[in-house]
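1. Following is a predicted model, sequence given first.
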Amino acid sequence: MHLAESSWTDIRDADADLAVLPVGSTEQHGPHAPLGVDFMTAEAIAEEGAKRYSEEAPNEAVVAPTIPVGIAEEHRDFEGTLWVSEDTFRSYVRETIESLAHHGLDRVVVVNGHGGNVDALRELCGRVTRDETAYAVPFTWFDAVATEEMGHGGPAETSFMRYLRPELVHEDRTEAAAEDGADSWGEWLHGTNLTYDSAEFTDSGAVGDPRNGDAELGEELFEESADALADLLDAVETRARPN
Ligand SMILES: [Zn+2]
């Protein structure tokens with residue numbers, strides 16, 4: 001069930017304690033893909049994973065509203081990219097989890113679609129868990145599935161969007177995205193990334209060749225991610241509290 005589409009009495013009567021919280025980013029994904037890729041993928045996986053889990057479980061998982069802006073200053077040179085500071089993001093997501101927990105939704109899986117959010121999510125989920133406010137873990141879909149090099153606006157994400165929202169993918173711009181893009185993320189020397197902003201190493205904003213992959217690959221990524229999330233929800237629901 002969706003929290004935002006339910007009434008407060010529905011939430012009260014549902015007697016649920018498990019919530020999924022989709023988190024993404026609004027940031028450039030090359031000239032061919034929409035700025036909302038990271039929160040659209042996270043939201044779709046959160047909804048489907050919760051649905052699959054709820055079919056088998058005694059109580060439904062509640063899908064919380066999506067948080068669409070994350071840690072993405074690295075894409076600031078590309079128009080439309082939005083970001084908040086790491087501190088703001090950590091506080092915002094943590095306090096959102098605390099409000100879920102206030103209503104008894106105190107087992108939370110944060111479903112993430114953006115690499116830049118990973119470290120902060122791990123930290124804030126650890127904080128609320130150690131504080132005994134909630135048991136929370138972050139799930140980043142592309143860490144859960146067998147993707148080739150993840151890239152950025154590359155084959156995996158572009159294929160996912162070809163499956164999820166094909167009308168938002170501009171196939172006629174993928175060649176330019178690849179030609180003015182990069183093969184890998186950053187410029188590395190002795191294990192050190194010399195760059196901070198993506199514009200330093202990709203002119204189109206893309207990393208990886210979006211001409212590779214298709215809607216079928218996108219569907220596979222979606223299916224695998226949703227199954228992995230349903231499985232994780234079961235583990236989070238049944239796991240004894242760490243404290
Ligand atoms: Zn992305």
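-> It's in.

2. can you give me the helices in the protein?
-> With DSSP state H as the criterion, the chain has helices at 8-14, 37-56, 86-102, 118-130, 141-144, 155-164, 174-179, 215-238.

3. For those helices, give me JSON lines that also has mean neighbour count, distance to residue 64 and mean pLDDT.
-> Heads up, the C-betas are built off the backbone N, CA and C, glycines and all. Converted to JSON lines, these look like this (neighbours: other Cβ atoms under 10 Å; distance: least, Cβ to Cβ, whole Å; pLDDT from 0 to 100):
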{"stretch": "helix 8-14", "mean neighbour count": "12", "distance to residue 64": "11", "mean pLDDT": "96"}
{"stretch": "helix 37-56", "mean neighbour count": "23", "distance to residue 64": "8", "mean pLDDT": "97"}
{"stretch": "helix 86-102", "mean neighbour count": "17", "distance to residue 64": "6", "mean pLDDT": "98"}
{"stretch": "helix 118-130", "mean neighbour count": "17", "distance to residue 64": "14", "mean pLDDT": "98"}
{"stretch": "helix 141-144", "mean neighbour count": "20", "distance to residue 64": "17", "mean pLDDT": "95"}
{"stretch": "helix 155-164", "mean neighbour count": "25", "distance to residue 64": "20", "mean pLDDT": "97"}
{"stretch": "helix 174-179", "mean neighbour count": "18", "distance to residue 64": "33", "mean pLDDT": "97"}
{"stretch": "helix 215-238", "mean neighbour count": "18", "distance to residue 64": "13", "mean pLDDT": "96"}
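
4. how about those in JSON lines, adding distance to residue 69?
-> Listed next are the helices of the chain as JSON lines, based on distance: least, Cβ to Cβ, whole Å:
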{"stretch": "helix 8-14", "distance to residue 69": "25"}
{"stretch": "helix 37-56", "distance to residue 69": "8"}
{"stretch": "helix 86-102", "distance to residue 69": "8"}
{"stretch": "helix 118-130", "distance to residue 69": "13"}
{"stretch": "helix 141-144", "distance to residue 69": "18"}
{"stretch": "helix 155-164", "distance to residue 69": "18"}
{"stretch": "helix 174-179", "distance to residue 69": "23"}
{"stretch": "helix 215-238", "distance to residue 69": "22"}
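
5. what's the closest of these to the ion?
-> helix 37-56 (4.2 Å; Cβ to the ion).
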